[in-house]
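A.B. asks: have a look; sequence and predicted model below, questions after that.
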Amino acid sequence: MYIDSHCHITCDDLYNRKEEVIQNMQELSGAMIMCTNQEEFLRALPIKEKDARFKIAWGWFPGDAKEISENHYQILQAAIDTNQIDCLGEIGLDYHWDDTFKDTQKEVFIRQIEMANQANLPISIHMRDATKDCLSILKEHAKTKIIFHCFSGSLEILRQCLEMDSFISLAGPVTFKNARKAVNIAKECPLDRLLTETDSPYMCPEPFRGHQNEPMYVQYVAKKIAELKGMDLAEVCKQIETNYASIFA
Ligand SMILES: [Zn+2]
């Protein structure tokens, strides 16, 4: 059975057809719904209540850091205090789209890491064109389990991340024809530290690249990892299920 450690099924695009998306997930044993705002979080609650395969992650996204006020931290804290979320994320730094408010991004990131530390919740990390700052903040502040979502770093960055005892989650790009980095990561990262994800509705894996992505397509990520490692698919899937379960243990 497959694991999707990162999907946005409560964002408008997928939520509009959620029954079908969930119906299509018959070969998945677990999926984490990533929520980037309160509306997506409130949509996720009844989905998880009905279906124990789901976990919920919520956090303030780095790109939204300028809008985050004390009130935002309070509503997130209320969800933590009532045990409604399983993971804090996706949080992190993104200098790709806008690097004009790096200090604000760092402040929002650190504050949420501290909230996760206090509640002993894992964190799901979004790190784009900000590797150095992101890793140094994590090394200094993070005390809970770390998932690097849609990992796209070099082997040297992989080594540094593994030293932090983190999990490396691979998405659609590992299946793309020009994806040398992700392919190297899939080969080099020990299987007991790997996770699979879709980041749906984005980045649909081959052979469906360009389609709207959804959790069922995570199978192509797992199949590619098995192929690259020269391992049996069932064995790869079983280990990824074990890895994923250990994050919430
Ligand atoms: Zn995401």
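C.D. replies: Yep, it's here. Numbering: from 1, shown residues only.

A.B. asks: buried sites along stretch 207-214?
C.D. replies: The neighbour-count check on stretch 207-214 (16 or more other C-beta atoms under 10 Å) flags R209, N213, E214 as buried. (C-beta placed from N, C-alpha, C; glycine too.)

A.B. asks: same check on stretch 180-194?
C.D. replies: Buried positions in stretch 180-194, judged by neighbour count with 16+ other C-beta under 10 Å: K181, A182, V183, I185, A186, C189, L191, R193, L194.

A.B. asks: from the buried residues of stretch 207-214, pick the one nearest the ion.
C.D. replies: N213 (10.8 Å; C-beta to the ion).

A.B. asks: rewinding a little: can you redo the buried residues of stretch 180-194 as JSON lines with distance to Q77?
C.D. replies: JSON lines is the format used below for the buried residues of stretch 180-194 (distance: C-beta to C-beta, whole Å):
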{"residue": "K181", "distance to Q77": "36"}
{"residue": "A182", "distance to Q77": "35"}
{"residue": "V183", "distance to Q77": "40"}
{"residue": "I185", "distance to Q77": "34"}
{"residue": "A186", "distance to Q77": "37"}
{"residue": "C189", "distance to Q77": "33"}
{"residue": "L191", "distance to Q77": "36"}
{"residue": "R193", "distance to Q77": "30"}
{"residue": "L194", "distance to Q77": "31"}
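
A.B. asks: restricted to helices, list those.
C.D. replies: K181, A182, V183, I185, A186 (DSSP state H).

A.B. asks: what ranges do the helices span in this structure?
C.D. replies: Applying DSSP H to the chain gives helices spanning 12-15, 18-23, 38-50, 70-81, 102-119, 131-141, 155-163, 180-188, 218-229, 233-247.

A.B. asks: which one of the ones you listed lies closest to G172?
C.D. replies: Closest approach to G172 among the helices of the chain (C-beta to C-beta): helix 218-229, 6.6 Å.

A.B. asks: report the angle between the axes of that closest one and helix 233-247?
C.D. replies: Relative orientation of helix 218-229 versus helix 233-247 (axes from the mean of the first three to the mean of the last three C-alpha atoms, to 10 degrees): 110 degrees.

A.B. asks: need the residues that contact helix 218-229.
C.D. replies: 2-4, 27-28, 170-172, 174-175, 183, 186-187, 191, 194, 196-198, 205-208, 232-233, 235-237, 240 (C-beta atoms under 8 Å, 6 or more residues apart in numbering).

A.B. asks: so for the ones in helices among the buried residues of stretch 180-194, which is the shakiest by pLDDT?
C.D. replies: Checking pLDDT across those, the minimum falls on K181 at 91.

A.B. asks: list the contacts for that residue?
C.D. replies: Taking C-beta under 8 Å, 6+ apart, we find K181 in contact with S152, G153, S154.

A.B. asks: select from these the one having the most neighbours.
C.D. replies: Within these, most neighbours by other C-beta atoms under 10 Å means G153, with 19 neighbours.

A.B. asks: which residues touch it?
C.D. replies: By C-beta under 8 Å, 6+ apart, G153 lies in contact with M127, T131, C161, K181, I185.

A.B. asks: at 6 Å what do you get?
C.D. replies: Not one residue lies near G153 by C-beta atoms under 6 Å, 6 or more residues apart in numbering.
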